[in-house]
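Generate a structure from the sequence data that follows.
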Amino acid sequence: MDDTGSPELDLMAVLPRLTQLSTVLNRSRLGERAMESAGITLDRPAMTVLVTLHMADRPLRVGEIADRMHVVGPHVTRHLNGLERRGLVVRVADPEDQRARLIELTPDGKVIPDRYLRTLLGWFGDALTHWSEEDRKTFGSLLGRFVDDLTARLEVVDDE
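Take a look at the predicted model:
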């Protein structure tokens, strides 16, 4: 058994691969390259706001966007103001609380994250072309589980 207490997994062997993945995602400027390839002229945080709204498939409050992006509200508001000036998002009344506002993608705002995600997911799909369907499903399931469990563990560490 290794020092992590897990007889099935040598985490010291996995760590360099996680570091390599992080490096590939960051140094390759993956997000920026996908935007360039899709002909999108936004900064990465603004694109993240649009993708967050797109993935939600419904209008969200600023606080909900911030929570999903793991940032603070003022950071989101700053980017929303620019996106609103470009006609990519609009503020609409919350039907459950007329005092509150929801952020909604405009028709032009819906096109951009769709184009971006098609580009990005195309590259991911190309990398997995030779994987079996079962391997792709297992990878997605285990990666999601790992990220969720690590996020929860780090939240506990932050609270300690």
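
Tell me, what's the model's pLDDT at Pro7?
If you check Pro7, the pLDDT there is 55.

whoops, Gln98 was the one
The model's pLDDT for Gln98 equals 83.

ok, now Asp10?
In this model, Asp10 is scored at 80, pLDDT.

Just give me the neighbour total for it.
The local packing of Asp10 (other Cβ atoms under 10 Å) involves 13 other residues. Yep, even glycine has a C-beta here, placed from its N, CA and C like the rest.

Numbering from 720 from now on, please.
Understood, numbering begins at 720; the last thing we discussed is Asp729.

For the nearest residue to Leu847 once chain neighbours are set aside, grab the count of nearby residues.
Distances taken as Cβ to Cβ, 6 or more residues apart in numbering place Arg855 nearest to Leu847, at 5.6 Å, with adjacent residues excluded. Arg855 has 13 neighbours, counted by other Cβ under 10 Å.

Okay, domains of the chain per the record?
For the chain, the structural domains run 729-758, 760-836, going by automatic domain parsing.

hang on, the earlier thing: which helix or which strand is home to the residue nearest to Leu847?
helix 852-878 (DSSP states H and E).

buried residues in that helix?
Neighbour-count burial for helix 852-878 flags no residue at all (criterion: 16 or more other Cβ atoms under 10 Å).

returning to what we had before: and of the domains of the chain, who's closest to Thr848?
domain 729-758 (17.3 Å; Cβ to Cβ).

Flag every buried residue along the closest one.
Gly750, Ala753, Met754, Ala757.

quick one, what contacts the last one?
Think Ala757. Arg834, Tyr835, Arg837, Thr838 (Cβ atoms under 8 Å, 6 or more residues apart in numbering).
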